[in-house]
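Peer 1: Okay, predicted coordinates and the sequence, questions at the end:
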Amino acid sequence: DCFAWSPDGSQYLVSVQSGKLICLDADTLQPRVSLDGHSDSILAVAWSPNGKQIATAAKDQTVKIWQSSSGQLQHTFAMTLRHSPDVTLNAVWSPDGQWLTIVDSHGGPSRAGLIATWDVRSGRRVSSHEGRTVAWNRESSRLAMASGGVLTIYEARTWKPLSSLGGHLAEIYAVAWQPN
């Protein structure tokens with residue numbers, strides 16, 4: 001089951017059946033829009049930072065971008081799940097809303113997942129790496145990815161690594177940027 005608040009807190013998404021989400025008004029609980037287009041369970045949902053788009057990722061091996069006000073489907077991206085059917089997906093927007101990163105991971109410590117990033121405007125997949133977790137910097141110019149005990153920083157325009165930081169003896173499960 002999926003649940004996500006809009007950035008302004010005025011509405012939220014909730015999964016109601018396999019492949020379908022309903023957007024509800026937070027005050028009245030009245031439905032605003034329905035997102036129905038996946039053929040299997042939705043495993044991740046995320047609002048774009050400006051609240052104008054919604055990303056969903058599902059067991060049907062697709063990522064969909066929806067217009068939040070109308071529920072109109074804007075893009076469908078194909079993805080290959082590495083650990084289906086026990087996959088865990090996470091959808092992470094860049095702060096400027098240009099990039100969408102999907103993390104396909106599995107709960108086991110020895111299984112790195114696939115981290116894929118799309119340019120939302122063009123619909124083009126721009127990056128695929130192995131890893132477990134990601135974080136965008138505030139300017140949307142760098143993406144930190146953890147795989148095993150190594151953290152690698154990528155430059156978002158070229159998708160080339162800028163630096164790698166090792167030294168962890170175990171898997172890295174979370175990353176974050178300092179806010180300033």
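Peer 2: Right, received. Where do you want to start?
Peer 1: rest of the way, CA atoms for contacts and neighbours
Peer 2: Noted.
Peer 1: any low-confidence regions in the protein?
Peer 2: Across the chain, the ranges flagged by pLDDT under 70 are 82-87, 106-112.
Peer 1: Helix or strand: which one has Val33?
Peer 2: Element membership for Val33 (DSSP states H and E) is strand 31-36.
Peer 1: and what of Leu162?
Peer 2: Secondary structure from DSSP H and E places Leu162 in strand 161-165.
Peer 1: what sits up against that strand?
Peer 2: For strand 161-165, contacts defined as Cα atoms under 8 Å, 6 or more residues apart in numbering pick out Val150, Leu151, Thr152, Ile153, Tyr154, Glu155.
Peer 1: mind listing what the fourth one touches?
Peer 2: Contacts for Ile153 were tallied using Cα under 8 Å, 6+ apart; they are Arg142, Leu143, Ala144, Met145, Pro161, Leu162, Ser163, Ser164.
Peer 1: The fourth one against Arg132, yeah?
Peer 2: Yes. When contacts are counted by Cα atoms under 8 Å, Met145 is listed as touching Arg132 (7.4 Å).
Peer 1: circling back: what is the strand holding Val33 packed up against?
Peer 2: Packing contacts for strand 31-36, counted by 3 or more Cα pairs under 8 Å, 6 or more residues apart in numbering; DSSP states H and E, involve strand 20-25.
Peer 1: mind listing what the strand it packs on pairs with, with the direction of each?
Peer 2: strand 11-17 (antiparallel), strand 31-36 (antiparallel) (DSSP bridges).
Peer 1: how deep is the nearest residue to Leu143 once chain neighbours are set aside tucked in, by neighbour count?
Peer 2: Leaving aside its chain neighbours, Leu143 sits nearest to Trp136 (4.6 Å; criterion: Cα to Cα, 6 or more residues apart in numbering). Counted by other Cα atoms under 10 Å, the residues lying close to Trp136 total 24.
Peer 1: mind listing what Trp136 touches?
Peer 2: By Cα under 8 Å, 6+ apart, the contact list for Trp136 reads Trp93, Ser94, Pro95, Arg142, Leu143, Ala144, Ala176, Trp177.
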